[in-house]
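Q: Next one to model:
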Amino acid sequence: MEPATKQRIIRNAFVSLFIYVLPIALMFLTFYFTGQRPWEKKQPTNPSSKSINKTNTLNNGNND
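A: Sure thing, here's the model as predicted:
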C-alpha cells in the first residue's frame, strides 16, 4: 500500500470519528454550562390517566 493512500485512510478515519463524536460532546458541554440534568427529572404523573374498565353491565362484567 502506498504511503499516501495509507495517510488518506487514517485521515479519513479520524475525520469520521470527529464527526461522530462532535454532537455528543456538544450535548454534554451544553449540559455542563447550563447545569441541566434531564436524566434526573421525574416525569409528571397524571392522576386522570387511570385505565377505564369498559365492561358490559348487562352481564355483570362477564365478557362471555
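Q: So which residues of the chain form strands?
A: With DSSP state E as the criterion, the chain has no strands.
Q: can you list the weak-confidence ranges in the chain?
A: Along the chain, the model assigns pLDDT under 70 to residues 47-64.
Q: residue boundaries of the helices in it?
A: For the chain, helices defined by DSSP state H occupy the ranges 3-34.
Q: Centroid-nearest residue for it?
A: residue 39 (10.4 Å; Cα atoms, centre = their mean).
Q: count of neighbours near residue 31?
A: Other residues near residue 31 number 13, with proximity taken as other Cβ atoms under 10 Å. To be clear about C-beta, it is placed using only N, CA and C from the backbone, and glycine gets the same treatment.
Q: where's the nearest residue to residue 37 once chain neighbours are set aside relative to residue 42, distance?
A: Closest residue to residue 37 apart from its sequence neighbours, by Cβ to Cβ, 6 or more residues apart in numbering: residue 31 at 6.9 Å. Counting by Cβ to Cβ, to the nearest Å, the gap from residue 31 to residue 42 is 18 Å.
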